[in-house]
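Undergrad: Quick one, what's the 3D model for this:
(one chain, ligands or ions: 2)
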Amino acid sequence: EGDWPRPSKQRVITIANQKGGVGKTTTAVNLAAGLSMHGLRVLVVDLDPQGNASTALSVEHRGDIPSVYQVLVEDLPLKEIISPVPDMPNLYCAPATIGLAGAEIELVSLVAREARLKRALEAFDAIELDYILIDCPPSLGLLTVNAMVAAEEVLIPIQCEYYALEGVSQLLQNVELVRVHLNQVLRVSTILLTMYDGRTRLASQVADEVRSHFGETVLSTVIPRSVRVSEAPSYGQSVLTYDAGSSGAMAYMDAAREIAFRGAAVAGS
Ligand code: ADP
Ligand code: MG
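TA: Ligands and ions are numbered 1, 2, ... in the order given. So this is what the prediction gives:
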C-alpha cells in the first residue's frame with residue numbers, strides 16, 4: 001500500500017472529550033502513526049499535563065524540559081520544543097510536562113489567552129506538516145479551548161460503554177460556543193467508536209445509538225478493545241509498530257485511512 005493523499009491544506013484536528021479514559025490519547029497516537037506511515041507528515045501536540053501521548057511516542061517529557069507549557073505561557077517558538085519520534089520518519093511530537101497543569105490558571109491573565117496555541121502553530125514553519133493532531137486533557141478548560149481555537153476539526157472518541165453519551169452534549173455545546181465566539185470554521189468532523197467489545201450487546205447498542213444520532217460523522221471503522229493497544233504505550237510505541245497484525249492495529253490503520261480519504265463531514269447536530 002502506497003502513500004495516502006496529501007490534504008490540499010493542512011488539517012488540524014483536536015481530539016476532545018472531557019471524560020477521561022475514553023481513548024483520546026490512544027487515538028491521537030495511533031492515528032498519527034498510521035498517517036505518518038503512509039507518507040504524511042504529522043505532529044502530535046500533547047496538551048495533557050499527564051504527558052501520556054509523549055510517553056507513548058517515546059518523547060522525553062521530564063519536568064525540566066521545555067514543553068507546550070513554555071509555548072503557551074512564555075511564547076517560546078514551537079520549533080524549540082518539537083521532537084522527532086524515534087523510528088517514525090514523518091512523525092513529530094510537541095511534549096507536555098506536568099507543569100502544563102498550571103497553565104490552566106496562568107493563561108487566564110494573558111493576552112489572547114484562548115488563541116495562544118493557534119498563534120504558535122501558525123508561526124511554525126520548520127517542517128511542512130500535513131496533519132496536526134491535538135491530544136486534549138479530560139476537561140473543558142482553557143487548554144481544550146486553545147485546542148478548539150487552533151483547529152478546524154474536532155474528533156470525539158466515544159467509548160462503547162454504559163454512559164457513553166454522558167457529557168457529549170456538553171462537549172457539543174462547548175464546540176458551538178467556541179465556533180460562535182472564537183473560531184467560525186470549527187466543526188465536529190469525526191466521531192470514533194473506541195474500546196468496542198463485540199461480545200456484549202451493550203457495545204453494539206451504544207454503537208447503534210451513536211450512529212443514529214451522528215450519522216455520517218461516525219467513522220465506519222470501530223476500534224475493538226484489544227490488550228495489544230493497551231500494552232503498546234509501555235514500550236513507547238504505537239500499536240501499529242508494536243503489533244501490526246493485531247486487531248487494534250488494523251482498526252487504527254483503517255480509521256486513519258478513512259480520515260485521510262474522506263472529506264471532513266459536518267456533524268449531524
Ligand atoms: P484518554 O486519553 O481519553 O484518557 P486513553 O487513550 O489514555 O484515554 O485510554 C484509557 C486507557 O484505556 C488506557 O490505559 C489505554 O491503554 C486503554 N485503551 C485505550 N484504547 C483501548 C483499546 N482499544 N483496547 C484496550 N485498551 C484500550
Ligand atoms: Mg489522555
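
Undergrad: In terms of pLDDT, where does the residue of the stretch 51-200 of the chain found nearest ligand 1 sit?
TA: The minimum distance from the stretch 51-200 of the chain to ligand 1, using Cβ to the nearest ligand atom, falls at Met195 (4.7 Å). The C-beta positions use only the backbone N, C-alpha and C, and glycine is treated the same way. Met195 is assigned 96 on the pLDDT scale.

Undergrad: and if you look at Tyr163?
TA: For Tyr163, the model assigns a pLDDT of 83.

Undergrad: for the one 10 residues further on, same thing?
TA: According to the per-residue confidence, Gln173 scores 96 in pLDDT.

Undergrad: other SSEs contacting the host helix or strand of the residue of the stretch 51-200 of the chain closest to ligand 1?
TA: According to DSSP states H and E, Met195 maps onto strand 187-196. Packing contacts for strand 187-196, counted by 3 or more Cβ pairs under 8 Å, 6 or more residues apart in numbering; DSSP states H and E, involve helix 24-36, strand 153-159, helix 168-181, helix 201-214, strand 218-224.

Undergrad: and if we set it to 7 Å?
TA: strand 153-159, helix 201-214, strand 218-224 (3 or more Cβ pairs under 7 Å, 6 or more residues apart in numbering; DSSP states H and E).

Undergrad: what does that strand rub up against?
TA: 22-23, 27, 153-160, 172, 175, 203, 207, 210, 214, 217-219, 222-225, 255, 259, 264-267 (Cβ atoms under 7 Å, 6 or more residues apart in numbering).

Undergrad: one more time with 8 Å
TA: 13, 22-23, 26-27, 152-161, 172, 175, 179, 203, 206-207, 210, 214, 217-219, 221-225, 255, 259, 264-267, 269 (Cβ atoms under 8 Å, 6 or more residues apart in numbering).

Undergrad: ditto for stretch 169-177
TA: 16-18, 140, 144-145, 148, 154, 156, 186-188, 267, 269.

Undergrad: quick one: buried residues of that stretch?
TA: Across stretch 169-177, burial judged by 16 or more other Cβ atoms under 10 Å covers 171-172, 174-175.

Undergrad: Could you list the low-confidence segments of the stretch 151-269 of the chain?
TA: Low-confidence segments of the stretch 151-269 of the chain (pLDDT under 70): 263-269.

Undergrad: Would you mind listing what in it touches ligand 1?
TA: 194-195, 223, 225-226, 229-230, 233, 248 (Cβ under 6 Å from any ligand atom).

Undergrad: swap the cut-off to 8 Å and go again
TA: 157, 194-196, 223-233, 248, 251 (Cβ under 8 Å from any ligand atom).

Undergrad: Ser226: what's it in contact with?
TA: 239, 246-248, 251.
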